[in-house]
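Asker: any chance you could fold what I've pasted below:
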Amino acid sequence: MVKNNYAILRIEKLKSEAAICAMSAHWRRENYTPNADPKRTKHNRVLMGSADPYKRFKQEVEKRGITKFRKNGVLALEMLLAFSPEYLRDEQTGKYLPDAKVRLNSWIKSIKVWLEKEYGERVLSAILHTEEQNFHVHVCLHVFERKTRKSGIQEWGLNARAITGGADKLRKIQDSYAEAMKPLGLNRGLRGSKAHHSKVSSFYAALNEADNLAKNLNLNPTKKNPRDFKAWQNKLNSIVEGLKKQQETEISKLNQMVEELSATNAKLKQQLCSQTTRPKI
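Answerer: Predicted coordinates:
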């Protein structure tokens with residue numbers, strides 16, 4: 001049975017300069033990223049636009065003479081482009097396929113062609129990340145659009161809806177990306193799928209907590225792959241349950257000791273009381 005490899009695309013709305021700044025800092029690894037191998041960070045590279053999307057965003061704002069944004073407006077879009085891990089790795093062994101490098105370069109080239117065709121100068125930045133579990137590209141798009149007021153005056157404004165407004169536009173983005181990746185053997189996911197994709201940050205937050213717990217229990221470190229992590233977590237849960245039962249047993253013993261001490265204390269009080277009330281001879 002031939003394994004299906006999928007073209008993966010996610011898109012998020014950025015509604016504040018703080019969100020764009022935080023995104024830029026994450027892309028450029030200004031802050032510690034637990035799921036990234038620092039030894040491989042040097043292989044990350046800019047594919048299009050600027051290495052600093054926030055700086056580029058500010059430059060574009062200044063160039064257009066924009067002085068303020070409407071409240072709750074979408075200032076930019078963040079796109080994540082990726083593929084199924086099996087596109088580069090053997091599913092059984094996890095090792096890279098013999099032609100993995102050729103496959104990766106073909107994917108990168110196809111992405112650049114697609115972004116240029118679909119979004120052109122809207123691409124503020126496109127950066128390849130190589131040091132995480134799977135290769136992926138982050139893209140930042142501006143949503144500026146020249147608008148004409150009723151008075152006839154033209155000015156720059158925001159129009160994210162022109163790109164992502166409504167389910168039909170979002171489906172077309174997915175279709176377009178999948179069509180561009182189809183020659184590489186990457187397919188589109190099922191239309192209308194309700195599949196849920198957990199945020200990477202949630203997994204790694206749990207991973208960090210698990211690492212701390214493992215150290216306290218003198219266990220081996222957690223697994224970095226989500227699938228392996230689940231098996232490790234099940235093992236840890238069984239250990240925790242065992243510790244809970246042991247703790248319950250110890251508490252039960254302590255309660256029994258407290259009861260015995262209370263009973264002994266009551267007897268001593270009774271004896272002391274009988275001695276103090278005994279009449280003198």
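
Asker: burial of Trp248, as a residue count?
Answerer: One correction, residue 248 is Glu, not Trp. 10 (other Cβ atoms under 10 Å). Heads up, the C-betas are built off the backbone N, CA and C, glycines and all.

Asker: what kind of secondary structure is it in?
Answerer: helix (DSSP: H, G, I helix; E, B strand; the rest coil).

Asker: distance between stretch 168-179 and the chain's centre?
Answerer: 23 Å (Cα atoms, centre = their mean, to the nearest Å).

Asker: same question, stretch 174-185
Answerer: Distance, centroid of stretch 174-185 to centroid of chain: 24 Å (Cα atoms, centre = their mean).

Asker: tell me the buried residues in that stretch?
Answerer: The neighbour-count check on stretch 174-185 (16 or more other Cβ atoms under 10 Å) flags 174, 177-178, 180-181, 184 as buried.

Asker: what pairs with Leu9 across the strands?
Answerer: Leu81 (DSSP bridges).

Asker: sorry, back to before: now, the buried residues of stretch 174-185 that are in helices?
Answerer: 174, 177-178, 180-181 (DSSP state H).

Asker: in the stretch 1-150 of the chain, which spans are helices?
Answerer: 17-27, 53-63, 100-118 (DSSP state H, counting those that start in this stretch).

Asker: nearest to Leu124, out of the ones you listed?
Answerer: In terms of Cβ to Cβ, the element of those nearest to Leu124 is helix 53-63, at 4.5 Å.

Asker: which elements pack onto that closest one?
Answerer: Helix 53-63 sits against helix 17-27, strand 123-129, strand 136-142, with contacts defined as 3 or more Cβ pairs under 8 Å, 6 or more residues apart in numbering; DSSP states H and E.

Asker: can you redo those as JSON lines with mean pLDDT, distance to Asp90 and mean neighbour count?
Answerer: Below are the helices and strands packed on helix 53-63 laid out as JSON lines (pLDDT from 0 to 100; distance: least, Cβ to Cβ, whole Å; neighbours: other Cβ atoms under 10 Å):
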{"stretch": "helix 17-27", "mean pLDDT": "93", "distance to Asp90": "29", "mean neighbour count": "17"}
{"stretch": "strand 123-129", "mean pLDDT": "97", "distance to Asp90": "22", "mean neighbour count": "23"}
{"stretch": "strand 136-142", "mean pLDDT": "96", "distance to Asp90": "20", "mean neighbour count": "22"}
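
Asker: now render the ones you listed as a markdown table, adding distance to Asn35.
Answerer: A markdown table is the format used below for the helices and strands packed on helix 53-63 (distance: least, Cβ to Cβ, whole Å):
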| stretch | distance to Asn35 |
| --- | --- |
| helix 17-27 | 11 |
| strand 123-129 | 10 |
| strand 136-142 | 12 |
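
Asker: identify whichever of the helices of the stretch 1-150 of the chain lies nearest to Asn237.
Answerer: helix 17-27 (31.2 Å).

Asker: so what touches the closest one?
Answerer: 14, 31, 33, 52-55, 57, 75-76, 78, 125, 127, 129, 138, 140 (Cβ atoms under 8 Å, 6 or more residues apart in numbering).

Asker: and those residues, which is closest to Glu155?
Answerer: Nearest to Glu155 among these, with distances taken as Cβ to Cβ, is Leu75, at 16.1 Å.

Asker: what sits against the closest one?
Answerer: 14-17, 19-20, 57, 69, 143, 158 are the contacts of Leu75 under Cβ under 8 Å, 6+ apart.

Asker: hmm, try it at 10 Å
Answerer: 13-17, 19-20, 57, 61, 66, 69, 142-144, 158, 160 (Cβ atoms under 10 Å, 6 or more residues apart in numbering).

Asker: same question for Glu116.
Answerer: Counted by Cβ under 10 Å, 6+ apart, Glu116 has contacts 48, 123, 126.

Asker: let's go with 8 Å and repeat that
Answerer: Per Cβ under 8 Å, 6+ apart, neighbours of Glu116: 48, 123.

Asker: report pLDDT for it.
Answerer: Glu116 carries a pLDDT value of 97.

Asker: also Arg103?
Answerer: For Arg103, pLDDT reads 96.

Asker: what do you get for the one 4 residues further on?
Answerer: You'll see Trp107 listed with a pLDDT of 97.
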